[in-house]
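Novice: Sequence below, structure please.
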Amino acid sequence: MQTTSQIRDSLRAARLALQQDYLEHGKAQRLLQAHARLVDAHLREAWQMLEMPPELALVAVGGYGREELYPRSDIDLLILLPQQPDADLQQRLQNMVGVFWDIGLEVGHSIRTIGDCMAESSDVTVQTNLLEARLITGNRPLFEEMRETLAQHLGKRAFFLAKQQEQSQRHTRFVDTDYNLEPNLKESPGGLRDLQTVLWISRACGFGTSWQELARLGMITLPEARAITRHESLLQTLRIRLHYLAGRREDRLLFDYQTALAEQMGIAASPTRRASEHLMQHYYRTKQAVLQLNSVLLQNLRARLFPEAGITYPINERFVARDDMLEARDENLFEREPSAILECFLLLEQHPRLNGFSAPTLRALWRARPRMD
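Specialist: Model (predicted):
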């Protein structure tokens, strides 16, 4: 059995090897999954070394739980107990967390029974973390009981509305970071969190956990699923490389790193633009595409969860309002009458109760973009 120092040295060497492999091959999803599995293995080593009681379960939650562990991200853990700990177990748990830090893992942890988890699950953040829970080692029946209990307590409609509100508040909070040209890859509108929000809702409602599954259900088209995968990969790549460049958890595309990131990604300067400007152009195109796809998916998820909705009233001969969204009566309208592209934005201004475009109209606008001369 290994010692603490041996586990620490093994973890450090393995992480360096992962970094070298990533910088050579550049596979973002492979790096994130491999990093999570690497941490799994070293946590199991520490768990065995400490001879933790078999009735406990060590559970990965959050991004670590879904096997998307960025190089400098925290390791989010749930230590699941069958009952409240006595003083002796409490001390052993504190020692264990100390060992996790000693081997080089920056852990964020909670110690709970299933009852504690359910008591806290009224908080949508706790619900989200538990949704992505994954057993690392320990008591599997206890872990499965926790997951089944969560599924029984989780209200799909309430979860959707809470995540939608959470996204709206986050967009308001982070929108200014885009205007100062140092956006947050994770939290800014059009960032990774917008993609995760859709998949969280989809997972909670049993619609699937991937873009391909959502495409099979008709939530998005297959070309849209492929596009969203590309955009997700670019955001993941930028965030991974940013962590390595900064040597710490850093999710903001700071000016100090933009040129180096562009060079690493093979983006060259042109006679009129610096390499960093080309990089940011790629980012902002991805951001806009993510915002659009996020809107389409949230509307389609809402339609599945609230089928009784769908109040429609006419605006004019070309447009109607559906659930406070502007919708073209004919999805070929913009290609047949390009002036309607301008008209739809005017209608949004003239009707304050409208909150944007419906999913079919967003798609129609995207298809008609070559008509904008």
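Novice: how about the nearest residue to residue 167, chain neighbours excluded?
Specialist: What sits nearest to residue 167 in space, not counting adjacent residues and going by Cβ to Cβ, 6 or more residues apart in numbering, is residue 197, at 5.2 Å. For glycine as for every other residue, the C-beta is placed from the backbone atoms N, C-alpha and C.
Novice: Tell me how far the one you found lies from residue 166.
Specialist: Distance from residue 197 to residue 166, counting by Cβ to Cβ, to the nearest Å: 8 Å.
Novice: pretty sure the residue nearest to residue 167 is touching residue 163, no?
Specialist: Yes. The pair residue 197 / residue 163 is scored as a contact, 5.4 Å apart, by Cβ atoms under 8 Å.
Novice: what does the strand or helix carrying the residue nearest to residue 167 contact?
Specialist: Assessed by DSSP states H and E, residue 197 sits inside helix 192-205. Applying Cβ atoms under 8 Å, 6 or more residues apart in numbering, the contact partners of helix 192-205 are 127-128, 131-132, 154, 156, 159-160, 163, 166-167, 170, 185-187, 207-210, 213-214, 219, 228, 231-232, 235-236, 239, 290-291, 294, 297-298, 301, 304-305.
Novice: are any of the residues you listed buried, and which?
Specialist: Neighbour counting by 16 or more other Cβ atoms under 10 Å classes 127-128, 131-132, 159-160, 163, 166-167, 170, 185-187, 207-208, 214, 219, 228, 231-232, 235-236, 239, 290-291, 294, 297-298, 301, 305 among those as buried.
Novice: Just the ones of those in helices?
Specialist: The members of these that map onto helices under DSSP state H are 127-128, 131, 159-160, 163, 166-167, 170, 214, 228, 231-232, 235-236, 239, 290-291, 294, 297-298, 301, 305.
Novice: Just the buried positions in the helix holding residue 197, please.
Specialist: Result for helix 192-205 [16+ other Cβ under 10 Å]: buried residues 192-205.
Novice: again, but for stretch 312-327
Specialist: For stretch 312-327, a neighbour-count test (16+ other Cβ under 10 Å) marks 315, 318, 319, 320, 321, 322, 325, 326, 327 as buried.
Novice: who's in contact with the third one?
Specialist: With contacts taken as Cβ under 8 Å, 6+ apart, residue 319 has the following neighbours: 326, 327, 328, 329, 343, 344, 347.
Novice: A helix includes the second one, no?
Specialist: Spelled out, that is residue 327. No. Residue 327: not assigned to a helix; according to DSSP: H, G, I helix; E, B strand; the rest coil it is strand.
Novice: hey, what's it bridged with?
Specialist: Beta-bridge pairing of residue 327 under DSSP bridges involves residue 320.
Novice: residues touching it, list them.
Specialist: Residue 327 neighbours (Cβ under 8 Å, 6+ apart): 312, 319, 320, 321, 357, 358, 360, 361.
Novice: likewise the fifth one?
Specialist: Contact analysis of residue 343 by Cβ under 8 Å, 6+ apart lists 318, 319.
Novice: how far away is the residue positioned nearest the centre of the chain from residue 13?
Specialist: Nearest residue to the geometric centre of the chain (Cα atoms, centre = their mean): residue 196, 2.6 Å. To residue 13, residue 196 is 31 Å away according to Cβ to Cβ.
Novice: With adjacent residues omitted, what lies nearest to residue 274?
Specialist: Nearest non-adjacent residue to residue 274, counting by Cβ to Cβ, 6+ apart: residue 259, 7.2 Å away.
Novice: tally of neighbours for that neighbour?
Specialist: When neighbours are counted by other Cβ atoms under 10 Å, residue 259 registers 16.
Novice: Not counting its own residues, what contacts the helix or strand harbouring it?
Specialist: Element membership for residue 259 (DSSP H and E) is helix 255-264. Contact with helix 255-264 is made by 23, 181-182, 238, 241-242, 245-246, 250, 253, 274-276, 278-280, as judged by Cβ under 8 Å, 6+ apart.
Novice: rerun at 7 Å
Specialist: 182, 238, 241, 242, 245, 246, 275, 276, 278, 279, 280 (Cβ atoms under 7 Å, 6 or more residues apart in numbering).
Novice: JSON lines please, covering those and showing distance to residue 18.
Specialist: Formatted as JSON lines, those follow (distance: Cβ to Cβ, whole Å):
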{"residue": "182", "distance to residue 18": "27"}
{"residue": "238", "distance to residue 18": "18"}
{"residue": "241", "distance to residue 18": "13"}
{"residue": "242", "distance to residue 18": "16"}
{"residue": "245", "distance to residue 18": "16"}
{"residue": "246", "distance to residue 18": "17"}
{"residue": "275", "distance to residue 18": "26"}
{"residue": "276", "distance to residue 18": "27"}
{"residue": "278", "distance to residue 18": "28"}
{"residue": "279", "distance to residue 18": "24"}
{"residue": "280", "distance to residue 18": "28"}
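Novice: Between the two ends of stretch 206-214, how far is it?
Specialist: End-to-end distance for stretch 206-214: 11 Å, by Cα to Cα, to the nearest Å.
Novice: Am I right that residue 108 is in a strand?
Specialist: Yes. Assessed with three-state DSSP, residue 108 lies in a strand.
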